[in-house]
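Asks: with the input below, show me the fold.
(one chain, ligands or ions: 1)
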Amino acid sequence: MHPPRRATLRRYLMCPPAHFEVTYAINPWMNPAKPVDVPLAVAQWEGLRDRYRSLGHTVEVLTPRPGLPDMVFAANGATVVDGRVLGARFAYREREPEAAAHLEWFRAHGFAHVREPLHVNEGEGDFAVTASYVLAGRGFRASPLSHGEAQEFFGRPVIGLDLVDPRYYHLDTALAVLDDTADEVMYYPPAFSPGSREVLRRLFPGALVATDEDAAVFGLNAVSDGLHVLLPQAATDLFDPLRERGFDPVGIDLSELLKGGGSVKCCTQELRI
Ligand code: ARG
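Replies: Next comes the predicted model:
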């Protein structure tokens, strides 16, 4: 039996895809030859933003900048735990200036503990926060050295996890936190090295384990408030397993943003004040 589910109100930071495009390819989902429909991307993004607001959550909006087409993936710009902000340092030059845009936003919005990182980390792309741990991906983007930096800064145990499949280049493409008052996650085992899979099995024995199909439609790129789980609507096979655990799955269509290799979670940075 699962514990009773309860939503808690969240604060999110999002950035509209006003300048979204795919002009470079830094993950296998991106194909610069494929056109993107910006008005559609914006409409889909507004659908996600409005859904959060209708659930009672607060959505802060970061101003998009021209020339930074991936800025819509706001989860990558920082990680906030207990009001402490660890900025990002991007792995690819194309996204580098996004880090400063996020730092400026946090400084202008009264966050007192803002750290510009020494080591490469792409915010919540590779950091996931559960009740007991900060889970941290590595292999494609974040430097393993960023894990120690995060542990020291947040004072929470950081568990390093090795990602091995280039399609699942960020932790948040292969694992989602379902209940952060407990340690409840869902994940896709083949995205991880054998050792990391074993670590996940030990830490989260009751986890919802996703299939190839769930992962391939970005079903793990989900955001939970403890009750509602917002996830790509194509990930229909995850809906029943989520309901069996007492969650309320909410399908979201972000098909245009998938052309950049991101979906619900990538567009959503959680401000844990
Ligand atoms: N095009 C972006 C990149 O490859 C997508 C980032 C998606 N964000 C995420 N949190 N996984 O960096």
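
Asks: any idea how far the ligand is from residue 93?
Replies: Residue 93 sits 12 Å away from the ligand, taking CB to the nearest ligand atom, to the nearest Å as the criterion. Bear in mind the C-beta positions are built from the backbone N, C-alpha and C, glycine included.

Asks: quick one: that residue from residue 68, how far?
Replies: 12 Å (CB to CB, to the nearest Å).

Asks: neighbour-wise, which of these two wins?
Replies: Under the neighbour definition other CB atoms under 10 Å, residue 93 and residue 68 were set side by side, and residue 68 has more, 17 against 9.

Asks: any idea what sits nearest the more buried one, other than its immediate chain neighbours?
Replies: Spatial nearest neighbour of residue 68, excluding adjacent residues (CB to CB, 6 or more residues apart in numbering): residue 98 at 5.6 Å.

Asks: what's the answer for residue 219, then?
Replies: Nearest to residue 219 is residue 235, by CB to CB, 6+ apart, at 2.9 Å.

Asks: could you list every residue that touches that neighbour?
Replies: The contact partners of residue 235, by CB atoms under 8 Å, 6 or more residues apart in numbering, come to 214, 217, 218, 219, 222, 251.

Asks: just the element for the residue nearest to the second one when sequence neighbours are not counted, please.
Replies: Once flanking residues are discounted, residue 217 sits nearest to residue 234: 3.9 Å by CB to CB, 6+ apart. Assigned by DSSP states H and E, residue 234 belongs to neither a helix nor a strand.

Asks: what about the residue nearest to residue 68, how many neighbours?
Replies: Residues near residue 98, counting by other CB under 10 Å, number 24.

Asks: what about it, distance to the ligand?
Replies: Noted for residue 98: a distance of 9 Å to the ligand, by CB to the nearest ligand atom.

Asks: ok, which residues in this protein are in contact with the ligand?
Replies: Counting by CB under 6 Å from any ligand atom, the chain comes close to the ligand at 26-27, 30, 70, 73, 75-76, 95, 125, 170, 172-173, 260-262, 266.
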